[in-house]
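S.K.: how would this look folded up:
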Amino acid sequence: MTHPTLLVIAHGSRDPRHAATVHALTERVRAERPGLRVETAFLEFNAPSVPRVLERLAAQGADEVVALPLLLTRAFHAKTDIPSVLREARTRLPGLRVRQADVLGPSPLLHATLERRLREAGVRPGDVPRTGLVLAAAGSSDPEAIAVIAEIARELRHTGWCAVRPAFASASLPRTEDAVRALRAEGVDRVAVAPYVIAPGRLPDRIAAGAEAAGADVVADVLGPAPELARLLLDRFDEARVPVGASLSA
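M.R.: Model (predicted):
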């Protein structure tokens, strides 16, 4: 095989909607770039596992794989779990070159996906100046990941929303419901909640429940298999293939 395989590594979930969404996204990636081999693996809860997919690829004669974490920030899974799994695979499969791509965020394409989901949920351009936005992420104990979410919220504030607050479903504060209520207390007339998560599951459900409990006016869907997200996966794949110090046009 002369072209690298793209291996998309998702976290996994007991919720069947999670794996279904991941597979829908990878199908869109295949449609965006016919001829590229795209495989999917999961860290836990779902099959196939990362080692199993890499073993199968090696047995089929693959010689290069770009492993792309389906993650929005560089937290524990991107810094520890996935590198560890890939190191073990390189030891067991010396004939298979495996490189790890960067995480997905931050990126303008993620902003575009958020905007798409908010439009689909009913937010019109004329609503934005009087709408407060809650950027609701899964949450992490990693300070770097939390700082990234806070910075994205600050950037979104400059796109016309009257106010933007970050919120988290776990590990960090504030919770979604607290952020919605804080915006109300500031006098914001209309509040929208945008889940900054890729696929459905327990934490996105917690975001939606908190938004409903606090009386948010609009709750967008998860990012899901949006065309912008599929293009972002391909961007990260292409970036990982370029040697350090080279340019994409070289």
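S.K.: how far does stretch 202-212 sit from the chain's center?
M.R.: Mean-position distance between stretch 202-212 and its chain equals 17 Å (Cα atoms, centre = their mean, to the nearest Å).
S.K.: so which residues of the protein form helices?
M.R.: Applying DSSP state H to the chain gives helices spanning 16-32, 50-59, 76, 82-92, 108-120, 143-157, 176-185, 202-213, 227-241.
S.K.: surely S13 touches I198?
M.R.: No - using Cβ atoms under 8 Å, S13 and I198 do not qualify as a contacting pair, with a distance of 10.8 Å. Quick note: C-beta positions are derived from backbone N, CA and C, even for glycine.
S.K.: tell me which of those two has more neighbours.
M.R.: Taking other Cβ atoms under 10 Å, S13 and I198 do not tie; I198 has more neighbours (26 against 21).
S.K.: tally of neighbours for the closest residue to the more buried one other than its chain neighbours?
M.R.: When the adjacent residues along the chain are set aside, I198 lies closest to L223, with 5.0 Å between them (Cβ to Cβ, 6 or more residues apart in numbering). Counted by other Cβ under 10 Å, the residues lying close to L223 total 25.
S.K.: low pLDDT regions in this protein?
M.R.: Within the chain, the set of residues satisfying pLDDT under 70 comprises 1-2, 243-250.
S.K.: any idea how far F237 lies from P227?
M.R.: In this structure, F237 and P227 are 16 Å apart, going by Cβ to Cβ, to the nearest Å.
S.K.: next one: A62
M.R.: For A62 relative to P227 (Cβ to Cβ), the value is 27 Å.
S.K.: between those two, which one's more packed in?
M.R.: A count of neighbours by other Cβ under 10 Å puts A62 above the other of A62 and P227, at 22 against 14.
S.K.: thinking again about what came up before, touching, the residue nearest to I198 and A194? I think so.
M.R.: No - taking Cβ under 8 Å as the definition, L223 is not a contact partner of A194, at 9.2 Å.
S.K.: neighbours around the spatially closest residue to Q100 that is not a sequence neighbour, how many?
M.R.: Setting aside the residues directly before and after it, Q100 is nearest to A67 in space (Cβ to Cβ, 6+ apart), at 5.0 Å. Residues within reach of A67, counting by other Cβ under 10 Å, total 25.
S.K.: who are the contact partners of the spatially most central residue of the chain?
M.R.: Nearest to the mean C-alpha position of the chain, by Cα atoms, centre = their mean, lies L72 at 3.9 Å. Going by Cβ atoms under 8 Å, 6 or more residues apart in numbering, L72 touches V103, L104, G105, L110, A137, Y196, V197, I198.
S.K.: what about these, which one has the most neighbours?
M.R.: With neighbours set by other Cβ under 10 Å, the maximum within the contacts of L72 is found at A137, which has 29 neighbours.
S.K.: look up how far A214 lies from it.
M.R.: In this view, A137 and A214 are 17 Å apart by Cβ to Cβ.
S.K.: same check on C162?
M.R.: C162 sits 17 Å away from A214, taking Cβ to Cβ as the criterion.
S.K.: quickly note the distance from the residue of the chain positioned farthest from its centre to C162.
M.R.: Within the chain, the residue lying farthest from the chain centre (Cα atoms, centre = their mean) is G187, at 31.5 Å. The gap separating G187 from C162 is 9 Å, by Cβ to Cβ.
S.K.: tell me how many other residues crowd the residue nearest to R206 when sequence neighbours are not counted.
M.R.: Across the structure, with Cβ to Cβ, 6+ apart as the measure, the residue nearest R206 apart from its sequence neighbours is A169 (4.5 Å). Summarising burial for A169: neighbours were counted as other Cβ under 10 Å, giving 24.
S.K.: so what's A169 up against?
M.R.: A136, A137, A138, G139, R175, T176, V197, L203, P204, R206, I207, G210.
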